[in-house]
Structures are given as C-alpha cells and as structure tokens.
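Novice: Need coordinates for the below:
(4 chains)
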There are 4 protein chains.
Amino acid sequence: MMKPLKLVVIGGGSSYTPELVEGIIDNQKSLQVSEIWLVDIEKGQEKLAIIEGLSRRMIEKANCPIKIVATLDRREAIKNATYIITQIRVGQLKMRRNDEYISIKHGVVGQETTGAGGFMKALRTIPVMLDICKDIEELAPDAWLLNFTNPAGIITEAILKHSNVNVIGLCNNPINFYKKFAKTYQVPMKDVSINFVGINHLIWITGFYIKGQSRIEDILTGKSDSYEAKNIPDFGWDLEFLQSLKAIPCGYHKYYYQTDQILEKQREEYSRNETRADQVQQVEKELFEIYQNPNVQEKPKALEQRGGAYYSEAAIELIKSIHLDSKKTHTLNVKNNGTIPCLLNDACIEVNCVVENHQITPLQVGSIPPQIRGLLQHVKAYEELTVKAAVTGNRGIALQALTLHPLIPSVDKAKSIFDEMLAVNEQYLSQFDLEIKL
Amino acid sequence: MMKPLKLVVIGGGSSYTPELVEGIIDNQKSLQVSEIWLVDIEKGQEKLAIIEGLSRRMIEKANCPIKIVATLDRREAIKNATYIITQIRVGQLKMRRNDEYISIKHGVVGQETTGAGGFMKALRTIPVMLDICKDIEELAPDAWLLNFTNPAGIITEAILKHSNVNVIGLCNNPINFYKKFAKTYQVPMKDVSINFVGINHLIWITGFYIKGQSRIEDILTGKSDSYEAKNIPDFGWDLEFLQSLKAIPCGYHKYYYQTDQILEKQREEYSRNETRADQVQQVEKELFEIYQNPNVQEKPKALEQRGGAYYSEAAIELIKSIHLDSKKTHTLNVKNNGTIPCLLNDACIEVNCVVENHQITPLQVGSIPPQIRGLLQHVKAYEELTVKAAVTGNRGIALQALTLHPLIPSVDKAKSIFDEMLAVNEQYLSQFDLEIKL
Amino acid sequence: MMKPLKLVVIGGGSSYTPELVEGIIDNQKSLQVSEIWLVDIEKGQEKLAIIEGLSRRMIEKANCPIKIVATLDRREAIKNATYIITQIRVGQLKMRRNDEYISIKHGVVGQETTGAGGFMKALRTIPVMLDICKDIEELAPDAWLLNFTNPAGIITEAILKHSNVNVIGLCNNPINFYKKFAKTYQVPMKDVSINFVGINHLIWITGFYIKGQSRIEDILTGKSDSYEAKNIPDFGWDLEFLQSLKAIPCGYHKYYYQTDQILEKQREEYSRNETRADQVQQVEKELFEIYQNPNVQEKPKALEQRGGAYYSEAAIELIKSIHLDSKKTHTLNVKNNGTIPCLLNDACIEVNCVVENHQITPLQVGSIPPQIRGLLQHVKAYEELTVKAAVTGNRGIALQALTLHPLIPSVDKAKSIFDEMLAVNEQYLSQFDLEIKL
Amino acid sequence: MMKPLKLVVIGGGSSYTPELVEGIIDNQKSLQVSEIWLVDIEKGQEKLAIIEGLSRRMIEKANCPIKIVATLDRREAIKNATYIITQIRVGQLKMRRNDEYISIKHGVVGQETTGAGGFMKALRTIPVMLDICKDIEELAPDAWLLNFTNPAGIITEAILKHSNVNVIGLCNNPINFYKKFAKTYQVPMKDVSINFVGINHLIWITGFYIKGQSRIEDILTGKSDSYEAKNIPDFGWDLEFLQSLKAIPCGYHKYYYQTDQILEKQREEYSRNETRADQVQQVEKELFEIYQNPNVQEKPKALEQRGGAYYSEAAIELIKSIHLDSKKTHTLNVKNNGTIPCLLNDACIEVNCVVENHQITPLQVGSIPPQIRGLLQHVKAYEELTVKAAVTGNRGIALQALTLHPLIPSVDKAKSIFDEMLAVNEQYLSQFDLEIKL
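Specialist: Numbers count the residues shown, from 1 in each chain, chains lettered A, B, ... in the order given. Reported below is the predicted structural model:
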C-alpha cells in the first residue's frame, strides 16, 4: 500500500551525501527506498561523479538493491519524487568565503548563516530554491521537500510564503542536543525530551528531561555542559547569565551573547587567512580525496569533522515518521500559525512537532519570557525583510533588512557591506537591478 | 523510583465507580496502584457502602492486592494522594431533575451540561470543587486532579483560574469517537487519529485518520456514520450541512443545530415525566440493586447504558501516560494559552495534548473556520461569565451569563428561569445573597 | 485648492434623498457642492423623476446654484465623482416584504438587516455593490464611497475585502443617540460624547458624557431613557439587565435580547399583513405623493416617520470632515485592524473614528467584556460567512452562514428558509447556481 | 463647576521650572491655577529656593495671583493636588555623569535614557517614583500625574504596572517635531498633523500633514530636513535609508542606526572630559546664576539650550485638554492595550491620543512594518525587564535586561558595566541586595 520511495537529493555532490546514503542503508529494511537520485549542477559535476561512485560502492557492500542515478537533469529527477532533500550551496564555498571576509573586514561578524554572511547567502539562494520549488509543484506536487539548505529558517520561510510545496526545514542543531544529552546521561535517545523555542540557529532550550525527569538545572548551574557545535568557537557560558536566562542557548547564540569575543577570534583568523570557510574548503578537499579512493566503501570517519553531524539521521528519522506514520515528535522548521504567539502567523519557526497522519503539527509553545522574546522578534523581523528583499530584488528592502540586523552597527556599515557583497555576487543576484547604485 | 500510586475517587459512591475499578484491575500490572480511596458525603453513605463492597469483591476476584478505603473524611483521603478523580454531583440527581424540568417548562432546552441546566449545575458545583481544591493544595499539592464532574469544561476552567492544583478535565466524549471509528474500520484504537477542536461538549472533529489515511469524507458524505451518545437523541445530520461544515459535530451540537427537534422531544418527555434525569434515576436504582448483590464480583453489563461509557478507560489511560511517561496523545480539557488563538489565553479548551515528562502540552490548533468559530466563541464567553458568577455570587453576572447563552431567547426568560432555579437550589448557593431579589 | 465637489447619489430615487438635498443646501456655504448626480435603475425611473423635480425646486427656493443631474447612466455619473453615496435597495421593497414574510412564516425574526431577512438582503445586494465599486475603481478611484445600503456593516465588509474603493459605512443609529442625549440633557450635540463598541446594528454604548461628565448611570439605573428607533418595537429594558450589562444596547439588540417578545409582535403583524415592510410601503407611497406636488419645495415633515432620521446629517457631517479636514470624531463602519482585538483584523466594525488628513483612524477600543464579546463574535462570524457566500455563490457557505445565525434555531429551519428565499430571489442571485438543489 | 487647580511640581528645583511657570502665566486666563507647589529634597534645597524666588518674581511681574509654595514636605504638597508633574533626577547630574562615563569606558553608548545609562537611571528612579505614587494614591487619588522623569517611557510603564495612579508619560520630543514642521512650512501648529508610532525616545514618524496634505516625502527625499534635538549629535540621515524605512526616525534613533559614529564622537568627548553630562552641568550652573539675579523676572533665553525645549508647552496643553475637556489630540506615553498589536497589552507606548471626557484614548496604530517592528519589540522587551529588575531588585533580571539591550555587545560587557554601576549607585539601589556579588 505504501508508495515506492523515490528519494531525490538536490546538491547530491555535497560532501555530506555519504552520511545520508549510510543512513538509508541502515534503515532500508523499514524504508524500502527504491531509487536515490543525486542531482547537481554543471560546476559540481566532478564532485557528483565521485559521490555517485562512493554511493554505489556503499550500496553494493551493504548488499542493498537501491537504484542510484546521478544527473544534472533536475526536472527528470524531481518527476514523481516522494521525498526531496535540498542541500545546495549557491556560489559554492568560494562565495561563502567572500561573505565571511567582507563581513570581518568591515568589523562585523562573518558567518555562514548569521549576520551579513547569512543575509548574502539568503539573497543568493532563495531564487534558486524557488525555482526548484516550481519544478516540484509541477512534477511532484505531493512530494515532501526536506530543506537543509542554509540559512535553513530563512529559506524555508521563503518557500512557505512563495510556493505550494510541502516543505519542512531541517537542521542538525536539535538532534545534536539529543545526542549530547543521551551521551551525558548514558541513556538511549528515546529517553531524552527537549523543549525548544525559537527559530533556526536561534533556538533556546527551555526544558529537558531524562526519562521524564527535568534536568535543565544541571546545565544552568554548571553541573553539566551543553552541546557545543564543531563549527562555532566555545568560550563557555557565564553561569549567572544561564540561571537568569532560565534557558540553554544554542551555539549560534554566541554571535549575539558573546559578540566581542567572537569578533576578536574572527579578526585573528581573518588575519591568518583561516576563517571557517577556509577550514571547510580544506576539509572538503581531504574528504573528496578519500571519497574517490575506490577502496573506500563506507562513510569515512573524517566526515564528522565537517559540522553537519547527524544531519542524515535527522532526515532519515523524519522520512520514516512521515512514511511509516510512526507518530514521533521532531524538531522542525514550520509555519508558526500561532504556536509562538509573539511572532507573525506566517513566520517560520523551529519547534517540536508531532508527525502523524502525514501531517506536521507543532506543539503549542505559548508565551515567551522577555529575555528570549526581544532578540527572537528582532532577528525574525530581519528574516522577514530578507525573504522579501530576495524575492522582490528591492534594494531598499535589502538595506532595511541588513541595517535592522542586531549585529550591524549602523546604516553606513550596512550600505558598505551590501555594496561590496553585491559587486562580488553579481552573477547570483539577477533579481536586483545592479545598475541602480544603492 | 516511581512513587506508590494512591488513587482517590471523590464521589466514590457513583454508579460509575465499578468501571473505574475494573480499569485499574486490568492495568494493575503496569500501574501498581497501592491504595484506592473512595470518598463521599453523608447523604451518599449508603451508595458508598455498596460500591465499597462491590469493589472489594472485584479486587478479590482479580486477586489484586489493592487496599480499598471508603470514607467520608475527604481530607484524610486527599492526604498524599498521587491522583485524584472528581466525579461528584452536587444536589444529586434530584437537582438535575429540577434543572431539566424548570428549563423545559420555560420552553428552553433542559440538559445536564448545556443551556440553563448546565448553568445551574455549574453554580452549584464550582464552590464545592474549589473547596476540594483547597484541600488538595494543602494536603497533596503535587497530585494530579482528573476532573470528570460536569459541566467538565466549566468546572475545569474555574479550577484553572482559581486554584493552583494540577487539574485536567476529562470527558468520555472523545474516547467514544475513537472507539466508534476503531469499530467501524475494524482497526485497533491505536490506528485511529482524530483532530478535535473546541471546548467540552462542544467539540468538532476536523479530521480523522485510519492508519494515517484521512477518512472524514466517509462521514461528511454519509458513507459512514458518526458516534452517537446514548444520552442524546439521534435525528441524523443533514449531509449538505456536514459537507459545508467540513467537520463532524459531537452529540451535544444537536442542542444548537437541531434545537427545535430537541425541544419537541423534550417537551414530549416532560409531559410524560420521563426526561433524561428520570431515566437516569431508574437506571441508577437498578444498578445499585445489582451492585449490592454479594454474588456480583464484576462490573455489570447494564452499566454501559448509563451514558458514561469508557470514562474509566479515558482516566486510566491518562494516568498511565503521566505515571509511566508513555508520551501518548490524549484529548483533554486544558488551559488554552494560545492553542486556539480566537479564544482567550485563560479559557479551558478540549484538544489533543501530548502527555510527556509529566507535562501536558496541547497540539497547536491555529485558526478556526467561521462556521465553527462563531458558536465556539459565543458559548465560551457564556462559560467565562458562568465561572465568574459562581465564584463571585454576583447575580448580575449570573443574569448576563444565562442571557448570553445562545439557547436562551430573552432577558425575561433568563430571569424567570434563574429566579425559579435559585429558589429550589437555595441550600447549594450560599455564595449568592438570596435576599436580594434579582 | 479644494477640488470641486461632485456628489453622486446611487439610489437617487430613494424617498430619503430630499433629506440629503436639504442637508447640502444647509451646508453649501462651507461645502460648495458643484454638482449632484442622482442615479437610479430603470425600474426606479419614475421615482427618480419625482425626486429630481423636488430637488430642483428645493435648490431653487434656497437660491443655491447646484447643478442637478438625474440619470440611469451610472458610469457617466461616477466619472470624476468626489463623493458617492450608495443607498440602493436591490429588489425594492417587494423583496424586503418577502424576506420578512418568509422568515416570520418559519417562526424566526423577520427583519430588514438582522437574521434571515438581513442575510437575504446581503446576498442580493453585495454583487450589485461590488459592480458599482468596479466602476468607481475605474472612473473615480480617488472618490470616497459613503455606503448607507443595508445591511450596511456586511455590505461595507464585502467592499473592504473585495475592492480598492475608499469606502466608509454609515448608519443613522449612532447620530440618533447623539441627538437623543443632546435633547434629553438640553445641550448642543457637540457637548455629547459617546463610546460605542460593536458592529453595524449591534453596537453597545459603554459610556456617554455630557460636557465631559459621565452620565451612563442615568440610563442604566432608569433615571433616563435611551434612544428608541422608530422602526423597532419598544418593550423597555430590564434595569437589572442593564446594570449588569454595564452598557446600553441599541434598538437592534432587541432581536437578540427580547427575541420572544419580538416574535410574538411580528407574528401578530404578519397575521394582519402589516409587517414593517408593509408599513414602509405605505409611508413611501404617501411620501411620493407629497414629493410630486409641484408646490412642495422643501423636505416634508412626514419623511421623519421613515426610520432613517438624521441619515443626511451623518453623511453631510462626514463629507465636511473629510473635505474641510475639520478633525472631528465620527462613528463609522471601518476595517477593524486591531481596534477590537477579539475580532479579525479584516472585519468591518462600527466605532468612533477621528477623521483627519483625509484619513479615517479608529479610536482604540481594547478588550471587551464577555457579556458583549460572545454575541458580537458570533454575529460577526455569521457576517463573515455571509460576505463569502454572496461573493462565491457557494450554497454550502450560505447554509453555514444562516445556520450559524443566533436567531436561527436549526439546520432544518435554515434550509427551509433559504430554499424558499432562493426561489423568490432567483433573478437577483445569478452568483448561485440555482440548479443545484441545496 | 471646575475644581480649583492645585499644581504640584515634584523636582520643583529643576532648572526647567521657570519655563513651566511661564507657561502657566500665559494660560492662566483659561486654566485659573490657584496654587503651585514646588517640591524638592534636602539636597536640592538651595536650587529650590532660587527657583521659588524667580517664580515669585515672574508671577508678580505678570500680575497673576497664583499662590506659590516651595517645600520639602512632599506629602503636604500632594494632598488634594489636581495635577502633579514629576521631573526628578535621582542622584542628580553627578550620577548621570557616572552613567555616561562608565558606559563609554566600556566601549558602549553612554546616554541619559538609552542603553546602559538609561538602564541605570531607571533602576535608581523607579523605586522613588513608586514611593511618590503611593503618596498620590493615598492623598490625591483623583489627581493626574504627568511624568517627565526620564527614561520617561520606562518610568511610566513601571507606574502603570505597579500603581493605581492616573499617570501619563510626557516628552518634549513629539512637540518639537510639531514646532519644527510648523516653522518649516510657515503654518500655525494646529495645521500640522503627525502620525507617530513607537515608544518614548524611539518613535518613528510614519506620516505628517500640513493642512491635511501629506508632506512626509519632503523629508524622505531630502527636500526638507527633520527636527534635530539639541542634545544629540547630528550626522544627517542617508536618503536611501529614509526612503526604504518609509518613516522619519527621531533623534534617539541615531544611537541605533549610527552607533559607530555616535561611539566615535562619545569617545572623543570622554577623552576631553566633556560628555553631555559635563555640558549640562555647565549650562545648569550658568542658569542658576542668572535665576538668582533678583532683577530677572522672566524665563531667560539661555534655558532653551538645555534640551527640554517646549516641555512646558506639552504639559500645559495637556492639562488644558484634560481640565477644559477641549478634545484635542496629544502624543502621550500610555498603556498599549492593543493599540500596537505587536507589543504586549501592558506595555507603555508613545502614540497620538484623543483627550476627551477626562479620558485618554489612543488612536489605533495597527500593524507595523518589519523594519520598525524588529527594533521596537527588542527595545520594549529590554524595558519590560528593566521595570521588573527595578521593582524586584533581582540581579539576574537586571543582567538579562542589560544583556538584551541591542547596544550591549555581550554578557561579559553587561556584567562589567552593571558591576561598576552598582558600586557607585549603592545608596540608590536598596532594592538590590548588594552583598550578593553578581
């Protein structure tokens, strides 16, 4: 009775893909995937071929008869897809590097998804994602789109507002908290419950439970520590701050709560030409060297350094919940619709959702304490403007978005950064009329 | 590690109690109940003794070593309770009969929980329930209160607003829909999912799923039929109405959607001195005759005629979810807190909730179509005023509440009914200063 | 600098028009109206000619050089209009009579704007009004539309939702309260302030002030009386009810608060073939006899019996406020937009508004007590569905609207009434596909 | 009929008082003030005596028989007051200087009402203001309290939340915009209308009108310029920014929109020991030298340099509107109550209000564009926490407030600044238990 599962991975040439393939193999008994389509663009052809080869070897070794197709023909891939995963990087790592360097040069945080860097990535990426969604609307209107493309919350909001696709935004940030707490308390993941509130890359944990017992005080009082992402510096949290916050911040909160320390570190990395983008480029290079080794038949350990740990598990578990209707709770990026009443109904939020009857229903969050609310509303308003700027190509809206961002100190800085970013991103921003000087 | 489970049943002499005892016996393996305290008032002493006897015989037969205590000492019972079930009827069936007869005499619907009858029952009951809650706050502050006392939604709202007790309102209406659909589609209950929206005795089903497949169209188009409560006349639903409502009403909706037919039937029953209260009195009489038979060691079949079918299952399953942290979804009466944004935050609503980590979290409902919203908001405003009238003893507020009720045609009728009801309820309404003529 | 004022009256053949013409004459010094266009349809040609004649004689007598044009060419009239007044009656009084008779026959309130009668009038009228609005959008996009067409709140909501015209809904109900209080307290109207809350024909007075002193207690305690509309029976208000309502109802509230008395009176009128529609037809006949008398050069006194007293003053005063930017407060039907937070943002409400800078800004109302809120939300949800039914021609939505109305006792009654009304209104309801039997 | 007007000025020894006295003299014909009580504390006794002397000479010269009382007995003054103006500075200018210096030293904006400086001023001031309010509740419960004490929005919110006094927050920022526009367009003030949205010292102008004609584009496109406060540096606004903001910022927006330029300027002033507090101290010194000259019988011109221009006019005009019920619109700090739906109901906002019938009713603002909303919500959440911190003396809440402020770059900075400020403010912060090291 279950439909055959055709999984499409857009951005299939990503170094993350082997983790996904491994996840599928591990769950093939229940999922019964029939086809995996790996899609990429011409520029990614070489990497796609390497990933295709490794994926075939993995499938083979696992003795798992799944059809693998690697293709540049996105529309052919999408046709009749059941689940589509998007994990693209418009402009590749080179443009991410630009985002970081321009930001830091102007004295503001340079980061893939937060601040000016995330803003620029969103402007580049939203038009491409909406194009993909047009194809899905036409060729696989019932498919579920699982979006990992960053900034995942902003991208998902753009899709929720400007397409009819069944989209869910996903991030590995929540699952890593589950993993971390499971490890700390030596329990299986199913015994960990976490109350999240917020938006992608800006979620607070307002409660967590081990076997139903509240344990958040362990972290708020420093008896235990929280999950630290590999891609974000770790300066530790001030305990008085944690106790009065009454919540555990996520790693990305450091850009807001420890801005000066982050900036200092970034300036130093910048001076050495070793920002996160540089590190990632190096890791990628090494990964693909391993991947193309015909003797490698498994996901290499080294991938875990890459920052996206457990992203595959998040995706596979969600697909299982939808496909097998297993009624589990997942932490997802979805339309607010009153779940967090202090945000607009059409905002994209990241909260716990029950996945049941092929529907995604958020668990009610209700009112939010002011220490969380103020920053959350501010960043969400910036995201709302960013989506609008990307969709309309209106420079004025873009300028307002960037100026509004809490990490941008002035209109002048916003203009300088935006001008410089526009210049190097010209080819990705056809929605903006670049002749009009902002 | 689990606390020993002391269960207290206030209104223990109710004819329903054997169903509850049966439920406990059936689940004793997982629940490990240590004590059941049956509490009643002096007037109910005889019935309490009968129930106590039957309960002992049932426990004995099941070879289930639970301590049974029957007592009139409510405070002793409550002390250190883990779970408390309230199923009281202030004024007994006699006052219910008055509610029905006075209402019908004045040409309006006479019903236990809806309209003028429910209003009067609420005024009688809320002060007693708040008294019980004061005892709980003092003697068992961590206990969970499962309230079945009708009108369950209004009573629960009063407790939510005027006490600190962990209260949950429960009704057998939702579980009967699950049972009915499971039977119709020949699946176990776990394969049935239902989306409810509304308030107690005024819930609409906006979707239901059998093994994850939507089947609501079966009922909206008349291919199947809905659950019909034993205690409400059944005239069938107009299919065009159902299809445009896009939802399945519950039985109590008939009082609103089929008022004239209900009234006709009630007038006829009234003329024969056979309203629902009369029928229930008769059923009760018969039940207690069976109960006191020392050879009866099980819940008699006849109890199922009583209208409260599966109420025990609703209670036991909820206790299991809380006690064993089994993370199930239940349909409960809880504080709104934004779940249904068109109602006030402090309103009591009946919706699906995830029970996890000893917390009750509603699943977000979001916006509600106008055909449901208008009636829902109207009745909820009446309930808000009713709670306020019961707590303050303010006659003006009481008059506003009753006048506002959609089933009351005028201020004059409201006054006549209220005056007459006040007279016969004098002893139960000490909060109202009865010397001031309304 | 002020634009020349071209006033267009759609439904110019109405018996009310002379009052309007009188109002213009009285204010011509400040308003400087250059043209009045009286528009009607072919069926109304004869009445239009009579009104045109009288208007000319009035203008002449007042020695007031305003150009009067009577025409059936609506588009020609609208072209470049500055202010447009709509006061049409689709189906004339004959259809209103049908509305009343069918309703009363089925045992429910039969009234021009409330209940089934108002519902049917809305379905007939909304398509015509939206057609007029299309012309305005094209031919006079900057014009202000002052809508008196009943049910004025529902019609205005339809226009607010489905056109871009600058529409304001107007009713003579509020101004009559001002007049009444001014007379009672012997002060000029400018010394009377009234706080209104609600929607058209369902407004409550929550405060009123004479020279800044609160006097609402005078009415709530029966020391003074409220305004009673000529077209609504007067049974008086119960004082305990008023005091606990803490507000003064308007005349139309009687249909809700005194339904049984109203019904009794209507049944009696029905049995004599003398419902309000019959009376109005008689008044109209007499008025037009007077109007066509070439010696009549003024608005006849008899017009004041017609029910629309001071409607002209309401219109002229509003036009003056907009045109001369006189910064006065008016009670108007406008988009809610948060003014009454318990109603949807796009609902049409009737509240005090400051008219300034050619903008209409409501005065914030804030939260509303439950005794008012419940009925208000219920009726507004009915209105929302009625607008949707009229615009879509969807029978299911129409059935839901009528069933939801608090004065309709059941689905069956709603269907019978709607079926019968559809039959006699066939020619006015092309939006409904009448072949599909509801 | 009008009550005799007893005006009390708490902080009567302020250098601003002569402007107020002048305003009263100019309006004495309509206001008929009978007594002015100037209240101060012991430390302010000398200044109070000087102000008293000057006030007497002014009154005398104007031949205006108003009784002047200067006193340290606050309760005696408040007794039976009709209007009370609060213009106090807890800790005098010395503490303001500390606020500025500590802030700038730590690299953040140092300002009287914005950022860390405003935060500290609020903590010092709220307890004193609530004490005053207790006296008013007891001794003059019907009096109107006009609060000018800064940060006026936060102080007013504290009073709205924690007392029953009829409080209105007032600022000279709005009136200066009226004055500026009236001057630019050469029209009387009554021909200027301005739409304000926001909170004290963070208001945006979303529209302004000269004789009813919209003229905001003049400023957004640089054809005219906006009002520039004397106490805030003027760097000019970027025109692309203004056009896309679609609103005119107020002077205090520079701290957010031009943070880096402000900081640069402040650091330079700091290095010269000439921050705003230093300048004000110098101006004050000079003013009091003039004031005590027995030949001075009028408000000296030099007072206009002080930054509070037209504050007297704002106060007097408001008192006139309330006292004479003149139904004018004023821009005031009041309880939100749904006027700006994206802020909490109990927040204090600064918006246009109609003053009528001795009531203050805000004009509905409705939804707010994201470029304004994000910053507004963020700062308002900070203010909410600041009020809570001041009232509870909870260090954790204080730390959250300061950390949340958009101008504070990190938890560490917040702690360092707070610690240092606590040390020097010890005597003013008895609500905080200073032994607990934060």
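
Novice: burial measure for the closest residue to residue A:196 other than its chain neighbours, as a count.
Specialist: The shortest distance from residue A:196 to any non-neighbouring residue, by Cβ to Cβ, 6 or more residues apart in numbering or on different chains, is to residue A:203 (4.8 Å). For every residue, glycine as well, the C-beta is placed using N, CA and C. Number of residues near residue A:203 (other Cβ atoms under 10 Å in any protein chain shown) recorded here: 28.

Novice: same check, this time on residue A:219
Specialist: 21.

Novice: My read is that it contacts residue A:248, right?
Specialist: Yes - using Cβ atoms under 8 Å, residue A:219 makes contact with residue A:248 at a distance of 5.4 Å.

Novice: between those two, what contacts are shared?
Specialist: A:226, A:242 (Cβ atoms under 8 Å, 6 or more residues apart in numbering or on different chains).

Novice: Contacts only, for the residue of the stretch 201-350 of chain A found nearest chain D.
Specialist: Closest contact between the stretch 201-350 of chain A and chain D, by Cβ to the nearest Cβ, is at residue A:244 (2.8 Å). By Cβ under 8 Å, 6+ apart, the residues touching residue A:244 are A:371, D:394-397, D:399-400.

Novice: Equivalent analysis for residue A:367, please.
Specialist: Residue A:367 touches A:341-342, B:337-338, B:345, counting by Cβ under 8 Å, 6+ apart.

Novice: what helix or strand is whatever residue of the stretch 201-350 of chain A ends up closest to chain C on?
Specialist: Nearest residue of the stretch 201-350 of chain A to chain C, counting by Cβ to the nearest Cβ: residue A:345, 10.9 Å away. Residue A:345 is part of no helix or strand, with elements assigned from DSSP states H and E.

Novice: What about residue A:359? Give its phi and psi, please.
Specialist: phi -130, psi 150 (degrees, to the nearest 10).

Novice: What residues are recorded as beta-bridge partners of it?
Specialist: With DSSP bridges applied, residue A:359 shows beta-bridge pairing to residue A:356.

Novice: Check the one 4 residues further on too.
Specialist: Applying DSSP bridges to residue A:363 gives these bridge partners: residue B:363.

Novice: what's the neighbour count on it?
Specialist: Using other Cβ under 10 Å, residue A:363 is surrounded by 22 other residues.

Novice: What of residue A:63?
Specialist: 8.

Novice: What pLDDT is listed against it?
Specialist: Note for residue A:63: predicted pLDDT of 94.

Novice: ok so it is a strand residue?
Specialist: No - assessed with DSSP: H, G, I helix; E, B strand; the rest coil, residue A:63 is coil; it does not lie in a strand.

Novice: quick check, nearest of the contacts of residue A:244 to residue C:68?
Specialist: residue A:371 (67.7 Å; Cβ to Cβ).

Novice: name the element that closest one belongs to?
Specialist: Per DSSP H and E: helix A:370-392 holds residue A:371.

Novice: Now the element after that helix, going C-ward?
Specialist: helix A:395-404.

Novice: Against which helices or strands is that next one packed?
Specialist: Where contact means 3 or more Cβ pairs under 8 Å, 6 or more residues apart in numbering or on different chains; DSSP states H and E, helix A:395-404 is packed against helix A:115-139, helix A:370-392, helix A:411-424, helix D:239-245, helix D:370-392.

Novice: give me the residue from the stretch 51-200 of chain A nearest chain D.
Specialist: Closest point on the stretch 51-200 of chain A to chain D, by Cβ to the nearest Cβ, is residue A:107, at 8.1 Å.

Novice: Work out for me the element the residue of the stretch 151-300 of chain A found nearest chain C sits within.
Specialist: Here the residue of the stretch 151-300 of chain A nearest chain C is residue A:161; by Cβ to the nearest Cβ that distance is 18.2 Å. Per DSSP H and E, residue A:161 falls inside helix A:152-162.

Novice: Name the residues that touch that helix?
Specialist: By Cβ under 8 Å, 6+ apart, helix A:152-162 touches A:113, A:118, A:122, A:125-126, A:129-130, A:133, A:145, A:147, A:149, A:165, A:167-171, A:199-202, A:333-335, A:346-350, A:383-384, A:386-387, A:390-391.

Novice: just how off-centre is the following helix or strand past it within its chain?
Specialist: Using DSSP H and E, the helix or strand that follows helix A:152-162 towards the C-terminus is strand A:166-169. Centroid displacement of strand A:166-169 relative to its chain, using Cα atoms, centre = their mean, to the nearest Å, is 12 Å.
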